[in-house]
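Q: pasting the sequence and the predicted model now:
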Amino acid sequence: MASIQKRGNSYRIKVSCGYDTGGKQVVQTMTWRPDADMTQRQMEKEVNRQAVLFEQECLKGSVTATVKFEDFAGRWFSEFAERSLKGHTLHNYRTVSQSVYDEIGHIRIDKITKRHIQAFALKLSDKEKKRGGGTYSSSTIYKYLNMISSVFEYAVKLQLVGDNPCRNIFVPKKDPVQRKIYTVDEMGVFLKTLEDDAIREPVKYYGYYIFFTLAVYTGFRKGELLGLEYRDIDFTTGMATVSRASYYTPERGTYTDTPKSEKSVRSLKLPQDIVEKVLRYQEWQRDYAAGLGSKWVECGRLFTSWDGSPLSPNSPGNFLSEYLDYNGLPHTNIHGFRHLNASLLISGGVDVKTVQACLGHSTAITTLNIYAHSFQEQQVKAMDVVADAIKLTAPKDTSKRKKTP
């Protein structure tokens, strides 16, 4: 709330605007001088009105926040991000931070406007990738904007600024990269090839055969599959529960954390033949561990390195790419297994809420946005079903009917 102090023929108005990154209170002041012909009552009324107007301006962002964006972002990392964000999200933000600092790090946070942010988004849209060719995708640009936005949301909470300039920024849409998604027949060929290799060289291939089999049957994310432990599977009922996920960052290496969102914690029923495959794999893994003796590090996970430690999240992708090359099979990525699972659910007539629950999406809107094309195809089929059921016939000949007077 604003405070008013009379100083001779003028009034000094002070407004507290929160605290700076050093914990020091930020105070904004202004001086108001009344007209000479104003009465005392008029002056009191007007100075109170000026105080309210000034406080509103401060809350809108007209605040002297002299801290530069890079300095404030450093405090945001230590005070908020490192305490609240998941490890992989924190890693992503640190990865993009230097490019953000190069662009706006030198500007005071109260001086950064939508124009600065919009110009940065457009610049990223035209920027060429250092590796892989092409330009940055819309999703990559949003990683930069999300980092900046989170910093400003923290600044708003501390009342250093009155608004977040990242809202309603335009990001040019680009044609999505068309990734290969296996057909059911192609998936059958892949899994059969991998199964044959698993029988021939179980140490090298058995774990990956079970991994990719579960990937297509459950639609679980890579990290969720790597986080699976045998205790997460009820071998009597066939229920498999996602309760943790495995991640990797250069700073932390391989580590375990909670799944992506609250909705990601879920249970799915596995087909009986898949349950039996996992049981046989567990028996083989126990025999293998016994052969290693003290070298085996028990962690309870289904998918491990040679010594029993949790498998690195980078390993399945690297294996898949090399395996497909070696066997001359069509290329896909790990997420393609999840996409095939979703497509099969949708084509089988499963409703969007159930698909959302199976995939662990936060909302049904997310599911609809990602698989809009698949749902549209089902809508077309639904209309055909209605037409086939009703089977409208041509109207009878009405030429002999009496004409209406």
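A: Sure thing, it's come through.
Q: looking at this, residue 254 is in a helix?
A: No: using DSSP: H, G, I helix; E, B strand; the rest coil, the assignment for residue 254 is strand, not a helix.
Q: residue 318 versus that one, what's the distance?
A: From residue 254 over to residue 318 the distance is 14 Å, taken as CB to CB, to the nearest Å. Backbone N, C-alpha and C define where each C-beta goes, glycine included.
Q: who's more crowded, the two?
A: Between residue 254 and residue 318, counting by other CB atoms under 10 Å, residue 254 is the more crowded of the two (17 against 10).
Q: pretty sure the more buried one is touching residue 248, no?
A: Yes: counting by CB atoms under 8 Å, residue 254 does reach residue 248; the two are 5.1 Å apart.
Q: what touches both of those two?
A: Counting by CB atoms under 8 Å, 6 or more residues apart in numbering, the shared contacts of residue 254 and residue 248 are 312-313.
Q: which SSE is residue 247 in?
A: Taking DSSP states H and E as the criterion, residue 247 maps to strand 245-249.
Q: per-residue pLDDT, residue 86?
A: At residue 86, the pLDDT value in this model is 89.
Q: I'd like to know how many residues surround it.
A: Neighbour count for residue 86, taken as other CB under 10 Å: 15.
Q: and for residue 236?
A: With other CB under 10 Å as criterion, residue 236 counts 7.
Q: and if you look at residue 261?
A: Residue 261 has 13 nearby residues by other CB under 10 Å.
Q: for it, give its distance to residue 142.
A: 17 Å.
Q: do the same with residue 239
A: Going from residue 239 to residue 142 by CB to CB gives 36 Å.
Q: which strand or helix spans the residue nearest to residue 203 when sequence neighbours are not counted?
A: Closest residue to residue 203 apart from its sequence neighbours, by CB to CB, 6 or more residues apart in numbering: residue 288 at 7.0 Å. For residue 288, the host element (DSSP H and E) is helix 272-292.
Q: in terms of secondary structure, what does whichever helix or strand comes after that helix contact?
A: Per DSSP H and E, the first helix or strand lying C-terminal to helix 272-292 is helix 315-327. Helices and strands touching helix 315-327, by 3 or more CB pairs under 8 Å, 6 or more residues apart in numbering; DSSP states H and E, are helix 184-200, helix 202-218, helix 222-226, helix 334-347.
Q: which of these sits closest to residue 232?
A: When those are ranked by proximity to residue 232, the top entry is helix 222-226, at 9.9 Å, counting by CB to CB.
Q: CA atoms only: put that closest one into CSV for me.
A: This file holds the C-alpha atoms of helix 222-226, laid out as CSV (Å, rounded to 0.1, in the frame of the first residue of the first chain):
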residue,chain,number,x,y,z
LYS,A,222,11.0,-44.7,-22.7
GLY,A,223,11.8,-43.4,-19.2
GLU,A,224,8.8,-45.2,-17.8
LEU,A,225,9.8,-48.5,-19.2
LEU,A,226,13.4,-48.1,-17.9
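Q: buried residues, the next helix or strand after it. List them.
A: Where DSSP H and E defines the elements, the next helix or strand beyond helix 222-226 is strand 239-242. For strand 239-242, the buried set under the neighbour-count rule, 16 or more other CB atoms under 10 Å, comprises 240, 242.
Q: what's the answer for stretch 273-288, then?
A: By neighbour count with 16+ other CB under 10 Å, stretch 273-288 contains the buried residues 274-275, 277-278, 281, 284-285, 288.
Q: okay, domains of this protein per the record?
A: Recorded structural domains for the chain (assignment: automatic domain parsing) are 3-60, 69-157, 206-212+222-331.
Q: now these as JSON lines including distance to residue 188?
A: Shown next, in JSON lines, are these (distance: least, CB to CB, whole Å):
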{"stretch": "domain 3-60", "distance to residue 188": "58"}
{"stretch": "domain 69-157", "distance to residue 188": "31"}
{"stretch": "domain 206-212+222-331", "distance to residue 188": "12"}
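Q: measure the residue nearest to residue 203 to residue 303 for me?
A: Residue 288 sits 13 Å away from residue 303 when distances are taken as CB to CB.
Q: follow-up on the earlier one: the helices and strands packed on helix 315-327: which one's closest to residue 268?
A: Shortest distance between residue 268 and the helices and strands packed on helix 315-327, using CB to CB, is found for helix 202-218: 5.5 Å.
Q: state the mean pLDDT of that closest one.
A: In the prediction, helix 202-218 has an average pLDDT of 96.
Q: what separates it from the chain centre, distance-wise?
A: Relative to its chain's centre, helix 202-218 lies at 26 Å (CA atoms, centre = their mean, to the nearest Å).
Q: report the angle between the axes of it and helix 334-347?
A: Per axes from the mean of the first three to the mean of the last three CA atoms, to 10 degrees, the angle that helix 202-218 makes with helix 334-347 is 40 degrees.
Q: quick one: list the elements packing against helix 202-218.
A: Judged by 3+ CB pairs under 8 Å, 6+ apart, helix 202-218 is in contact with helix 184-200, helix 222-226, helix 272-292, helix 315-327, helix 334-347.
Q: what's next to it, contact-wise?
A: With CB under 8 Å, 6+ apart, helix 202-218 has contacts from 187, 190-191, 194-195, 197-198, 220, 222, 225, 228, 240, 268, 270-271, 274, 277-278, 281, 284-285, 288, 302-304, 306, 311, 316, 319-320, 323, 334, 337-338, 340-341.
Q: buried subset of those residues as a PyMOL selection?
A: In PyMOL syntax, the buried subset of the contacts of helix 202-218 is picked out as below (16+ other CB under 10 Å):
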select buried, resi 187+190+191+194+195+197+198+220+222+225+228+240+268+270+274+277+278+281+284+285+288+302+303+304+311+316+319+320+323+334+337+338+340+341
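Q: show me which residues of stretch 103-121 are buried.
A: Neighbour-count burial for stretch 103-121 [16+ other CB under 10 Å]: 103-105, 108-110, 112, 116-118, 120-121.
Q: what about these, which are in helices?
A: Of the buried residues of stretch 103-121, the ones assigned to helices by DSSP state H are 103-104, 116-118, 120-121.
Q: related to what we said a few turns ago, run through who's touching the strand holding residue 247.
A: Strand 245-249 has contacts (CB under 8 Å, 6+ apart) with 86-88, 90-91, 221, 223-224, 226-227, 254-260, 264, 310-314.
Q: wait, which of the domains of the chain is closest to residue 370?
A: Closest to residue 370 of those, according to CB to CB: domain 69-157, at 11.8 Å.
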